[in-house]
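[1] Would you be able to build a 3D model of this:
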Amino acid sequence: MNKIITSFILLLLFNVTVAQDNYEIQVYASPTQTKGSTIFELHSNFTFNGEKNIVDGLLPTHDALHETVEITHGITENFEIGFYLFTNYTSGNGYKLVGSHIRPRVRVPEKWHWPVGVSLSTEIGFQGRQYATDTWSVEIRPIIDKFFNKLYVAFNPTLGIGLKGSNDHTPSFEPNIKTSYNFNKVALGFEYYGSLGQLNNIPAISQQGHALFVVADVNIDPRWEINVGPGWGLTKASDAFVFKILVGRRITWKK
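    All right, here's what the predicted structure looks like:
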């Protein structure tokens, strides 16, 4: 079994991704969904201050409401599959279906006793041309995290490539970082989201995407996942102010 999991990880590493943009603003933790259970999540965020013009055929993000439905089911104790449905609402354009992705993820079993949590996510799907320059894309997201008593740190050194839409399929580097401190039922911390551009042609920092969120994770019930907070763009190429809310509900199905 260990050889199968290792081979699967190596296979995924040779695939490549698309940025989350503002549809699913989340830094992943390493654990996968428990076998036989499902989590239903709604990712919602509103861009209070964003791009006001059409750029490269993409609709403006200013005053846009993004909502994503995510459903993830645990296939084994170390393997899950997730499904996403992306939507967008802007005044004048109405409520639109943006696209859909599917995401298998595998993690390193706890019995291996690695010093950090490690898993690997692969996400593939499509999105409308008005919302993304690449209509088909793949994402590879290594996930590394660790608890230091009440301090939590996670790193997602994500890579991405467009499959259809652009002529250059060079991977882009999109790192995500989270750090938080647990105060009993609430963890407070920061989430960083970056989009540095394609590895063979990284632009100036002012043209890269960099955003910092101040977040709270509410841990009142293990069946529920709640993550909320405001985020600020750190460069001109980033949306200036976004507020996000993630609500999830875990269900363990009876056998």
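[2] which ones are touching residue 226?
    217, 218, 220, 246, 247, 248 (Cβ atoms under 8 Å, 6 or more residues apart in numbering). In this view, the C-beta of every residue, glycine as well, is placed from N, C-alpha and C.
[3] Any chance of CSV for the residues you listed, columns distance to residue 191 and pLDDT?
    Below are the contacts of residue 226 laid out as CSV (distance: Cβ to Cβ, whole Å; pLDDT from 0 to 100):
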residue, distance to residue 191, pLDDT
217, 10, 98
218, 15, 97
220, 20, 92
246, 11, 98
247, 16, 98
248, 16, 98
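[4] Now a PyMOL select for only the buried ones of those.
    Buried residues among these (16 or more other Cβ atoms under 10 Å), as a PyMOL selection:
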select buried, resi 217+246+248
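[5] Now for the contacts of residue 226: which two are most distant?
    220 and 246 (14.6 Å; Cβ to Cβ).
[6] what number of residues lie near residue 146?
    Residue 146: 15 surrounding residues under other Cβ atoms under 10 Å.
[7] That one against residue 116, yeah?
    Yes. Here residue 146 lies in contact with residue 116, judged by Cβ atoms under 8 Å, at a distance of 4.6 Å.
[8] Residue 94 and residue 143, how far apart?
    The gap separating residue 94 from residue 143 is 35 Å, by Cβ to Cβ, to the nearest Å.
[9] Next: residue 78.
    13 Å.
[10] out of those two, which sits in the busier spot?
    residue 143 (24 against 21).
[11] Quick check on the more buried one: phi, psi?
    phi -130, psi 120 (degrees, to the nearest 10).
[12] mind listing what residue 39 touches?
    So residue 39 contacts 33, 70, 71, 72, 225, 248, 249, 250, 251 (Cβ under 8 Å, 6+ apart).
[13] Quick one: residues contacting the closest residue to the last one other than its chain neighbours.
    Translated: residue 251. In space, and not counting its chain neighbours, residue 251 is closest to residue 38: 5.3 Å by Cβ to Cβ, 6 or more residues apart in numbering. Applying Cβ under 8 Å, 6+ apart to residue 38 gives the contacts 71, 72, 73, 74, 250, 251, 253.
[14] which among those end up buried?
    72, 73, 74, 250.
[15] These into a markdown table, with extra columns for secondary structure?
    Formatted as a markdown table, the buried ones among the contacts of residue 38 follow (DSSP: H, G, I helix; E, B strand; the rest coil):
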| residue | secondary structure |
| --- | --- |
| 72 | strand |
| 73 | strand |
| 74 | strand |
| 250 | strand |
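[16] Spatially, which two of those residues are the most separated?
    73 and 250, at 10.8 Å, using Cβ to Cβ across the buried ones among the contacts of residue 38.
[17] any residues in contact with both of the two?
    33, 37, 38.
[18] List the ones among those residues that fall in strands.
    37, 38 (DSSP state E).
[19] Compile the shared contacts of residue 73 and residue 250 into TSV and extend it with columns for pLDDT.
    Shown next, in TSV, are these (pLDDT from 0 to 100):
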residue	pLDDT
33	97
37	97
38	98
